[in-house]
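Enquirer: Predicted model and sequence below, questions to follow.
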Amino acid sequence: MKDWAKATAHPFVIAGPCSAEGEEQVMNTVKEIVHHANGKVQMIRAGIWKPRTRPNSFEGVGEIGLPWVKNAARAVGLPVSVEVANPEHVEAALKNEIDVLWIGARTTVSPFAIQEIADSLKGVDIPVLIKNPINPDLELWIGAVERFYQSGLKKLGVIHRGFSSYEKTIYRNPPMWEIPIELRRRYPEIPIIVDPSHMGGTRDLIYMLSQQAMDMGFDGLMIESHQNPDKAWSDAKQQITPERLGEILNTLIIREPKVSFDNHSLQDLRSRIDRIDDYIIELLCERMGISENIGELKKKNQLAIHQSERWAQIVKRALEKGKTGGLTEEFILKLFQQVHNESIKHQTSVMEK
């Protein structure tokens, strides 16, 4: 993690059961994690309060479980983190000497809830990790970070656990990597921990997603691990055994997040990319100028801004040309949709003059 977290290695790995189910279960799981991880886990996690989508589901053991997770973590010499969703949770966690708090995705969606938690932590020097909101809303995520900053907390990090989507994918919560990448651009000092367990929703995807997170230079991983995942009281499908956790951590290829040496070949390639990017921007500016000229003609001849037949021709032509260069259909559609939206804005401004 960053300078406020005393990490012994990169990545910073947080591991533990989705839920604390009993004192023995927590202690056994934590000891097995440390045994199999070979020093590659830096923090223990466990769910105490579990906000569920529907009532009558297991919603956590509550405050009684806090000593279980604290004692288990102390037994192996590691700090411990739990999720909090309101000031009462915060008070209980602090009373039980929990080291790190994290804010769940369902809580991050509510600025009111975030503000109440942030206010309850004024004057407290404790790290807080903030999960992304359920929906792909970067500004809401950043807003939560800013509320904690304004309350005086400086040891902040975020957890990327993917976003809900109506589209059917292999993921429980598709990664949408572009969102945490943009957050990093705006707040480069904030560590980003990736949660492949909630992202994938199945244990089979954890290794792949963990490797992707490392390939993009993120700071750590939060992985759910249970001594007997199939018997877990919550999220059984996405938890892995401590033994499998150790295998994944030992197999990951860890790449340097930054260039730490003089590499003229890399710098030359980056310079070429910069020149092409400049050219792309110049061409887009030129294209929007032409769009405004078209807008003038449409205004003069009382034509609608959006011409569906012309748009279909543009897309078809772009897809055919992009395919020859190895570009995916998904990329071409997203790119030209954004170009088309910007063109409509320019023509609309002409129409409204």
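Expert: Right, received. Where do you want to start? Numbers count the residues shown, from 1 in each chain.
Enquirer: When you work out contacts or count neighbours from here on, use the C-alpha atoms and nothing else.
Expert: OK.
Enquirer: where does Ile130 fall, phi/psi-wise?
Expert: Dihedral angles of Ile130 (phi, psi; degrees, to the nearest 10) stand at phi -120, psi 120.
Enquirer: low-confidence ranges in the stretch 51-200 of the chain?
Expert: The model of the stretch 51-200 of the chain has no residue with pLDDT under 70.
Enquirer: all strands of it, in order?
Expert: Assigned by DSSP state E, counting those that start in this stretch, the strands in the stretch 51-200 of the chain fall at 80-84, 100-103, 128-131, 156-160, 192-194.
Enquirer: Touching the third one from outside, list them.
Expert: Which is strand 128-131. 100-105, 108, 141, 144-145, 155-161 (CA atoms under 8 Å, 6 or more residues apart in numbering).
Enquirer: next one: the shortest one
Expert: Under the criterion CA under 8 Å, 6+ apart, residues 1, 12, 157-161, 180, 184, 210, 213, 218-222 lie in contact with strand 192-194.
Enquirer: and what of the first one?
Expert: Residues from elsewhere that reach strand 80-84, judged by CA under 8 Å, 6+ apart: 43-49, 69-70, 73, 90, 93, 98-104.
Enquirer: Among those residues, which ones are in helices?
Expert: Among the contacts of strand 80-84, the members falling in helices (DSSP state H) are Val69, Lys70, Ala73, Val90, Ala93.
Enquirer: so what's the second one up against?
Expert: Which is Lys70. With contacts defined as CA under 8 Å, 6+ apart, Lys70 is in contact with Val80, Asn96, Glu97, Ile98.
Enquirer: follow-up on the earlier one: what about the strands of the stretch 51-200 of the chain, which gets the closest to Lys321?
Expert: Checking these against Lys321 by CA to CA gives strand 156-160 as the closest, at 35.0 Å.
Enquirer: Which other helices and strands does that closest one contact?
Expert: Secondary-structure packing of strand 156-160 (3 or more CA pairs under 8 Å, 6 or more residues apart in numbering; DSSP states H and E): strand 128-131, helix 138-150, strand 192-194.
Enquirer: Of these, give the one that comes closest to Pro175.
Expert: Of all the helices and strands packed on strand 156-160, strand 192-194 comes closest under CA to CA, at 9.4 Å.
Enquirer: Strand partners (parallel or antiparallel) of the closest one?
Expert: Strand pairing for strand 192-194, using DSSP bridges, gives strand 156-160 (parallel), strand 220-224 (parallel).
Enquirer: just those: most buried one?
Expert: Among those, strand 220-224 has the highest mean neighbour count (mean count of other CA atoms under 10 Å), at a mean of 26.
Enquirer: Tabulate the CA atom coordinates of that one in PDB.
Expert: Provided in PDB are the C-alpha atoms of strand 220-224 (Å, rounded to 0.1, in the frame of the first residue of the first chain):
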ATOM      1  CA  GLY A 220      -3.300  -5.200  -3.500                       C
ATOM      2  CA  LEU A 221      -6.000  -7.800  -3.200                       C
ATOM      3  CA  MET A 222      -8.800  -8.600  -0.900                       C
ATOM      4  CA  ILE A 223      -9.700 -12.300  -1.200                       C
ATOM      5  CA  GLU A 224     -12.300 -14.300   0.700                       C
END
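Enquirer: Give the rounded mean pLDDT of it.
Expert: Averaging pLDDT along strand 220-224 gives 97.
Enquirer: residues making contact with that strand?
Expert: By CA under 8 Å, 6+ apart, strand 220-224 touches 1, 10-18, 159, 192-197, 210, 214, 238-240, 245.
Enquirer: and the residue nearest to Glu329 when sequence neighbours are not counted, how far is that from Leu335?
Expert: Counting by CA to CA, 6 or more residues apart in numbering, Glu329 lies nearest to Leu319, which is 6.3 Å off, once chain neighbours are set aside. For Leu319, the distance to Leu335 (CA to CA, to the nearest Å) stands at 11 Å.
Enquirer: and these two? which has more neighbours close in?
Expert: The residue with more neighbours, out of Leu319 and Leu335, is Leu319; 19 against 12, by other CA atoms under 10 Å.
Enquirer: Let me know the pLDDT of the more buried one.
Expert: In this model, Leu319 is scored at 95, pLDDT.
Enquirer: likewise the one 3 residues further on?
Expert: With respect to pLDDT, Gly322 has a value of 94.
Enquirer: so what does the helix or strand hosting it touch, helix or strand wise?
Expert: Under the criterion of DSSP states H and E, Gly322 resides in helix 308-324. Applying 3+ CA pairs under 8 Å, 6+ apart, one finds that helix 308-324 contacts helix 329-351.
Enquirer: chain center to the helix it packs on: distance?
Expert: In terms of CA atoms, centre = their mean, to the nearest Å, the gap separating the centre of helix 329-351 from the centre of its chain is 27 Å.
Enquirer: List the contacts of the helix holding Gly322.
Expert: Against helix 308-324 from outside (CA under 8 Å, 6+ apart): Thr328, Glu329, Ile332, Leu333, Phe336.
Enquirer: now that helix against helix 329-351, angle please.
Expert: With axes from the mean of the first three to the mean of the last three CA atoms, to 10 degrees as the basis, helix 308-324 and helix 329-351 are set at 140 degrees to each other.
Enquirer: buried set for helix 308-324?
Expert: Of the residues in helix 308-324, Val315, Ala318, Leu319 count as buried by neighbour count, 16 or more other CA atoms under 10 Å.
Enquirer: burial count for Tyr149?
Expert: With other CA under 10 Å as criterion, Tyr149 counts 14.
Enquirer: So Val69 is in contact with Met27, correct?
Expert: Yes: between Val69 and Met27 there is a contact under CA atoms under 8 Å: 7.5 Å.
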